[in-house]
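> need a structure here:
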Amino acid sequence: MAYLAIFAAAIAGFGFGAAYYGWMGARWLDAVGFRPEERARIEGAGKMDPTPFLLAFTAELVMAVILSITIAHFGAFTALRGGVIGITIWLGFIAPVMIVTNAYAMRSLRLTAIDAFHWLGVLVVMGVVLGALG
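Residues are numbered from 1 along each chain as shown. As a prediction, the model looks like this:
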């Protein structure tokens with residue numbers, strides 16, 4: 001197992017998420033439907049709880065390990081093949097689970113789309129890194 005590649009993939013995926021939600025942040029806040037006082041706290045300069053960020057990075061580290069194992073299993077050691085495996089995993093597992101979970105929770109399709117495309121980007125970026133460095 002290529003531990004450095006796995007760590008690099010997790011960092012790249014986390015970085016993608018930071019950039020993506022930096023760009024989509026206001027749309028995401030609207031789609032979530034936070035109350036005005038919650039939104040003001042999030043958008044303000046106050047100190048944010050680091051727990052969601054730590055959980056996100058840990059989850060992405062786990063995802064990078066599993067994606068690395070999958071890429072190795074298929075011998076897909078190119079950036080393109082790694083990215084395709086990321087898309088395939090997203091299409092087969094991530095997107096359907098998100099759609100069903102958010103449908104039962106009665107969340108908006110807009111929120112589902114924003115979050116689902118985040119995870120698509122994360123898996124593609126991770127797959128590219130792991131395929132290239134694998």
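> C-alpha only now, for contacts and for neighbours.
Fine.
> for stretch 30-44, buried residues please.
Buried residues in stretch 30-44, defined by neighbour count with 16 or more other Cα atoms under 10 Å: Ala31.
> quick one: average pLDDT of that stretch?
Mean pLDDT, stretch 30-44: 77.
> stretch 89-104 too?
Averaging pLDDT along stretch 89-104 gives 97.
> other residues contacting that stretch?
With contact meaning Cα atoms under 8 Å, 6 or more residues apart in numbering, stretch 89-104 is reached by Ser108, Thr112, Ala116, Trp119, Leu120, Leu123.
> could you check it and say which residues are buried?
In stretch 89-104, counting by 16+ other Cα under 10 Å, buried: Ile89, Trp90, Ile94, Ala95, Ile99.
> same question, stretch 100-118
Leu111, Thr112, Ala113, Ile114, Asp115, Ala116, His118.
> do the same with stretch 114-130
114-116, 118-130.
> ok, now how distant is Ile85 from Val122?
The gap separating Ile85 from Val122 is 12 Å, by Cα to Cα, to the nearest Å.
> what does Tyr3 give?
Taking Cα to Cα, one finds Tyr3 at 18 Å from Val122.
> check Val62 too.
From Val62 to Val122 the distance is 13 Å (Cα to Cα).
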